[in-house]
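K.L.:
Predicted model follows, preceded by the sequence.
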Amino acid sequence: MCGIALLVSGIRIGLSSLNLDSISSSSKSHLVFSVDDLKAALQRRGPDSLGTMKLLLPLHSNSSNSTNYWVSSFNEESHVLDNGSDMPESFAEFVFLGATLQLRGVSPVCQPLMDSSRNVLVYNGEIFGGIEVGIDKNDTESLMQSLGNCCSCRSQEHRTTCDFNGQAKGSIVDVLSVIKGPWAIIYWQESSKTLWFGRDAFGRRSLLVHWPTMEDPRFLLSSVSPTSSRLQDSSFEVENGSSGIKFWEELSCGIYSMSVDVKKSDGSFHSEIKKHEWTNAMLKELIEWERVSIEPKPAELNFSHSRTSSAELDINSSSSVLAQNVLTALRESMLRRISLYNIYQALKETVPVAVLFSGGLDSMIIAALLDQCLDPNYEIDLLNVSFDGESAPDRISAKTGLKELRRVAPLRRFSVKLPSKLQL
């Protein structure tokens with residue numbers, strides 16, 4: 001799981017199209033989050049690499065042929081972002097941050113990514129379908145390539161491919177709508193001067209937002225809420241021990257865009273944030289599916305005494321087929337997540353995969369399927385958390401489960417990791 005963030009200054013951002021509830025700013029003005037605060041929070045989510053990239057968008061040359069100024073890294077001491085007041089009026093500023101915990105690909109990847117067209121991507125997610133990811137490739141790199149092939153016109157509501165410069169290209173909404181897997185994304189499309197961001201339809205990756213207020217006109221996105229290193233009011237008391245509890249809110253699931261323009265009337269940067277509809281029909285059907293809770297009647301839980309033996313055999317046979325179908329689906333899911341070439345190891349001596357292991361039925365099935373799908377040279381860690389020491393039920397069942405796994409898979413190295421120094 002990675003960590004991503006963005007800070008935007010120098011742009012007047014409109015939110016009218018989002019139909020948000022009124023944004024209260026009574027206590028938000030006390031908080032000051034710096035780039036270093038965000039980096040410290042994100043680094044815990046991405047130990048493999050931590051990168052920053054700054055884009056300065058010049059006000060005087062905001063056109064498709066304008067030259068932007070990029071800085072791949074910078075010193076926080078020479079770059080203060082309190083509330084945007086230090087930002088020169090002739091520039092808009094975007095600061096991208098990405099902390100990476102890499103799971104796939106044979107080569108290390110450091111976020112933020114920038115391609116040859118100067119598009120920028122920070123991504124926290126996994127891709128199991130919808131976009132082709134080579135067995136030795138990384139999800140973020142593959143997504144960057146797909147997004148780079150998208151149309152860059154500003155007709156972002158089109159539902160079909162766009163004829164852009166004589167080439168048929170799909171939209172960014174189309175690409176994000178077909179991703180199978182959890183994700184949160186921040187993406188800058190240079191050619192259209194448009195920022196894209198959002199979360200998958202089921203909200204399986206976190207992304208917090210700070211909407212601009214009168215006291216703090218910045219626009220911020222972050223995977224986590226950092227701890228503010230500075231408070232503007234020394235008398236301010238943190239409520240419930242969390243300084244960011246009123247500063248941030250969870251971004252609603254969906255795809256958003258923010259196209260940057262210069263308003264001729266006042267000569268400043270303006271933008272309106274828009275939310276887009278999913279273009280994947282199956283995804284929309286899943287979102288709109290009404291889940292109905294059904295409580296079976298007691299009579300339906302028992303087989304009728306009048307059933308014949310042949311009927312019982314049919315039921316048993318049908319149950320066996322259904323169970324096999326479930327195992328096949330689980331194995332296919334495991335294969336999509338685990339393969340010899342997909343696993344990235346920053347340190348070759350580390351164990352690349354682990355199972356949260358209680359020794360119960362679910363974790364035993366997962367561990368057994370993992371043994372079938374994973375290269376035999378890899379060890380598998382079984383992580384067990386339990387209380388009451390050796391007498392804890394989960395500790396006992398974990399030991400029993402380990403013996404069974406070693407019996408059915410004698411060539412695999414299993415190791416149970418316990419919260420104490422004791423290991424099996």
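P.N.:
Everything's here; your move.

K.L.:
now the residue lying closest to residue 393 once chain neighbours are set aside, what's its secondary structure?
P.N.:
Closest residue to residue 393 in three dimensions, ignoring its sequence neighbours and counting by CB to CB, 6 or more residues apart in numbering: residue 386, at 7.4 Å. Yep, even glycine has a C-beta here, placed from its N, CA and C like the rest. Secondary structure, DSSP: H, G, I helix; E, B strand; the rest coil: residue 386 is coil.

K.L.:
Please work out how many residues are found near residue 386.
P.N.:
For residue 386, the count of nearby residues is 18 (other CB atoms under 10 Å).

K.L.:
pretty sure residue 352 contacts residue 375?
P.N.:
No - here residue 352 does not reach residue 375: they are 9.6 Å apart, not a contact under CB atoms under 8 Å.

K.L.:
So the two - more neighbours on which side?
P.N.:
The residue with more neighbours, out of residue 352 and residue 375, is residue 352; 19 against 11, by other CB under 10 Å.

K.L.:
Show the pLDDT at the closest residue to residue 125 other than its chain neighbours.
P.N.:
Spatially, and ignoring its direct neighbours in sequence, residue 125 is nearest to residue 183 (2.8 Å; CB to CB, 6+ apart). pLDDT, residue 183: 96.

K.L.:
Enumerate every residue touching residue 183.
P.N.:
Going by CB atoms under 8 Å, 6 or more residues apart in numbering, residue 183 touches 123, 124, 125, 126, 127, 176, 199, 200, 204, 205.

K.L.:
change it to 7 Å
P.N.:
Residues near residue 183 by CB atoms under 7 Å, 6 or more residues apart in numbering: 123, 124, 125, 200, 205.

K.L.:
quick one: it from residue 142, how far?
P.N.:
From residue 183 across to residue 142, the span is 12 Å (CB to CB, to the nearest Å).

K.L.:
what about the stretch 151-300 of the chain, any weak spots by pLDDT?
P.N.:
Flagging of the stretch 151-300 of the chain using pLDDT under 70 yields the residue ranges 154-169, 228-245, 264-265, 294, 296-300.

K.L.:
Tell me if residue 42 really is in a helix.
P.N.:
Yes - Residue 42 sits within a helix when classified using three-state DSSP.

K.L.:
Leaving out the residues flanking it, which one is nearest to it?
P.N.:
Using CB to CB, 6+ apart, the closest residue to residue 42 is residue 3 (3.4 Å).

K.L.:
Same list, the contacts of residue 183, but as JSON lines with distance to residue 59, secondary structure and neighbour count please.
P.N.:
Converted to JSON lines, those look like this (distance: CB to CB, whole Å; DSSP: H, G, I helix; E, B strand; the rest coil; neighbours: other CB atoms under 10 Å):
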{"residue": "123", "distance to residue 59": "29", "secondary structure": "strand", "neighbour count": "27"}
{"residue": "124", "distance to residue 59": "31", "secondary structure": "strand", "neighbour count": "27"}
{"residue": "125", "distance to residue 59": "34", "secondary structure": "strand", "neighbour count": "21"}
{"residue": "200", "distance to residue 59": "35", "secondary structure": "coil", "neighbour count": "23"}
{"residue": "205", "distance to residue 59": "34", "secondary structure": "coil", "neighbour count": "21"}
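
K.L.:
Show me the two of those that sit farthest apart.
P.N.:
Using CB to CB, those span at most 11.5 Å, a distance reached by 123 and 200.

K.L.:
before we move on, the earlier item: need the contacts of residue 183 in CSV (columns: distance to residue 95).
P.N.:
Shown next, in CSV, are the contacts of residue 183 (distance: CB to CB, whole Å):
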residue, distance to residue 95
123, 17
124, 17
125, 21
200, 24
205, 20
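
K.L.:
So this protein: which segments form each domain?
P.N.:
As given by automatic domain parsing, the domain ranges for the chain are 3-284, 351-424.

K.L.:
ok, which stretches of the stretch 201-350 of the chain are strands?
P.N.:
208-210, 219-222, 230-231, 249-250, 254-263, 268-276 (DSSP state E, counting those that start in this stretch).
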